[in-house]
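Q: Sequence first, then the predicted structure, then my questions.
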Amino acid sequence: MVDDTSLKKLSMNHWAYCWNNQRKAIRLAAFIFPLFYAANGYCRPDMTPLGPNIADKGSSFYHFSVSTFDSEDGKRHYKVWTGVPNKHPPASGYAVLYMLDGNAVMDRLSDAFLNKLTLETPPVLIVIGYQTVKPFELTARTYDYTPPLRENDGEVGHGEIQGRKSGGSPYFRRLLEETIAPKAEKGLSIDAHKRAIWGHSYGGLFVLDSFVNSTFFNGYYSASPSLNSDYIVLLSRLEKINTAHFPHKQLYFMEGSAAPRKKADGEEASAVLNQVRSTLSSLNHEGLAATFWAYPGLSHGEMFNVSFQRALLTMAADNVEKQPLPPLQ
């Protein structure tokens, strides 16, 4: 017969055992969940209308111009900010970073941060957003930034994500490269060997897809890409590219490590992360520059600011890996 004291001891031992296991699980989840969490659409961005941004208020270090564009089918409408440093370009021309989700980017750019860029060799900013006062145009970005669904390497057309049409990345990429870029870069001294693109979440997915399907850019900054079950195949395609055709390309994969608020499938998340590491290792083995940057404690949403700032600082610095980065704001 078990007395009350024994029951209490058993209960405490069981609680301690469970808590120790839970702590181990939390430590594991802290790194593997954000990528899976974002991929399954659990993040809800703040959609509060935006006020004036740095282009509206004016900068002491950059001057901005604005252009507008429409999609080929007339259903999506873009607003593009071109930010040019007041500092004279290098002899080879400015580096240039194309940035997706441009409304949110412009809202979060500060003059203090632009000043940090000018301490090195500041790049031109080409920030691609939509004609909206909201930080994100959810329907348009879902279509523009996601690749067509494929089956056995064959096109199977468009899909839907949370009721929004997806799979339009080839059309958006053509618009970006053939229409937006020539107008945005017109009259500027640009170093075509230092042209890069940054994107977060679905934008990060677009960056990976462009790494496979485009030669327009040299640098590819993919932050917390939404690699769900439909798009995990992108990693396989990365491994299969003919590296001899892309010796100039550099891929930067950025991911946070904060656990989600909702429960996710840890085994699947771990498998995704392992495949990411395997893919980057394979690219490195084949002679391509592929880098993984981890950010402990940062959530999917928090990766937005940090990742675009890191991309800009990397481009501005002569040798960012060998010198400390300025603090992020």
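A: Perfect, I can see it now. If you're wondering where the values come from, they're calculated on a predicted model, not measured in any experiment.
Q: Could you check which helix or strand contains residue 309?
A: Per DSSP states H and E: residue 309 is located in helix 303-316.
Q: for that helix, packing partners?
A: Contacts defined by 3 or more Cβ pairs under 8 Å, 6 or more residues apart in numbering; DSSP states H and E place helix 303-316 against strand 94-99, helix 102-108, helix 111-118, strand 190-200, strand 219-223, strand 250-256, strand 289-295. Quick note: C-beta positions are derived from backbone N, CA and C, even for glycine.
Q: hey, which of these is tucked in deepest?
A: Most buried of those, by mean neighbour count (mean count of other Cβ atoms under 10 Å): strand 219-223, with a mean of 28.
Q: What mean pLDDT does it get?
A: For strand 219-223, mean pLDDT rounds to 96.
Q: Relative to the whole chain's centre, how far out is it?
A: Relative to its chain's centre, strand 219-223 lies at 6 Å (Cα atoms, centre = their mean, to the nearest Å).
Q: can you pull out the helices in this protein?
A: When assigned using DSSP state H, the helices of the chain occupy the ranges 4-39, 54-57, 102-108, 111-118, 138-145, 169-175, 181-185, 202-213, 233-240, 266-285, 303-316.
Q: Lowest average pLDDT across those?
A: Among these, helix 4-39 scores lowest, at a mean of 39.
Q: Please report how far the residue lying closest to residue 141 once chain neighbours are set aside lies from residue 57.
A: Spatially, and ignoring its direct neighbours in sequence, residue 141 is nearest to residue 202 (5.7 Å; Cβ to Cβ, 6 or more residues apart in numbering). Taking Cβ to Cβ, to the nearest Å as the measure, residue 202 falls 28 Å from residue 57.
Q: if you skip the residues just before and after it, what's nearest to residue 217?
A: In space, residue 217 is closest to residue 197, 4.9 Å off (Cβ to Cβ, 6+ apart).
Q: Return the residues in contact with that neighbour.
A: Residues near residue 197 by Cβ atoms under 8 Å, 6 or more residues apart in numbering: 97-100, 207, 210, 217, 219-221.
Q: Ok, residue 78 next?
A: Contacts of residue 78 by Cβ under 8 Å, 6+ apart are 68-71, 128-131, 175, 180.
Q: before we move on, what about residue 45?
A: Applying Cβ under 8 Å, 6+ apart, we find residue 45 in contact with 104, 135-136, 301.
Q: May I have the phi/psi pair for it?
A: Backbone torsions for residue 45, taken as degrees, to the nearest 10, come to phi -70, psi 150.
Q: and stretch 105-123, how far from the chain's centre?
A: 18 Å.
Q: Could you provide the helices and strands packed on helix 303-316 in CSV, with additional columns for distance to residue 149?
A: Shown next, in CSV, are those (distance: least, Cβ to Cβ, whole Å):
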stretch, distance to residue 149
strand 94-99, 25
helix 102-108, 26
helix 111-118, 38
strand 190-200, 19
strand 219-223, 19
strand 250-256, 22
strand 289-295, 25
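Q: out of those, nearest to residue 80?
A: Shortest distance between residue 80 and these, using Cβ to Cβ, is found for helix 102-108: 6.9 Å.
Q: Name the surrounding residues that touch that closest one.
A: For helix 102-108, contacts defined as Cβ under 8 Å, 6+ apart pick out 45, 50-51, 53-55, 79-81, 99, 127-130, 132-137, 304-305, 308.
Q: Could you rerun that using 7 Å?
A: Contacts of helix 102-108 with the rest of the structure, by Cβ atoms under 7 Å, 6 or more residues apart in numbering, involve 50, 53-55, 79-81, 99, 127-130, 132, 134-136, 304-305, 308.
Q: what's the answer for stretch 207-226, then?
A: Contacts of stretch 207-226 (Cβ under 7 Å, 6+ apart): 34-35, 38-39, 147, 169, 173, 177, 193-202, 204-205, 234, 237-238, 241, 248-256, 300, 303, 307, 311.
Q: can you list the contacts of residue 78 in CSV and add distance to residue 228 and neighbour count?
A: As requested, the contacts of residue 78 are exported to CSV (distance: Cβ to Cβ, whole Å; neighbours: other Cβ atoms under 10 Å):
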residue, distance to residue 228, neighbour count
68, 32, 10
69, 29, 17
70, 29, 13
71, 24, 17
128, 23, 26
129, 24, 27
130, 23, 23
131, 28, 14
175, 25, 20
180, 28, 20
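Q: Around residue 245, how many other residues sit close by?
A: Residues contacting residue 245 under the criterion other Cβ atoms under 10 Å number 9.
Q: Quickly note the distance from it to residue 214.
A: Separation of residue 245 from residue 214 (Cβ to Cβ) stands at 12 Å.
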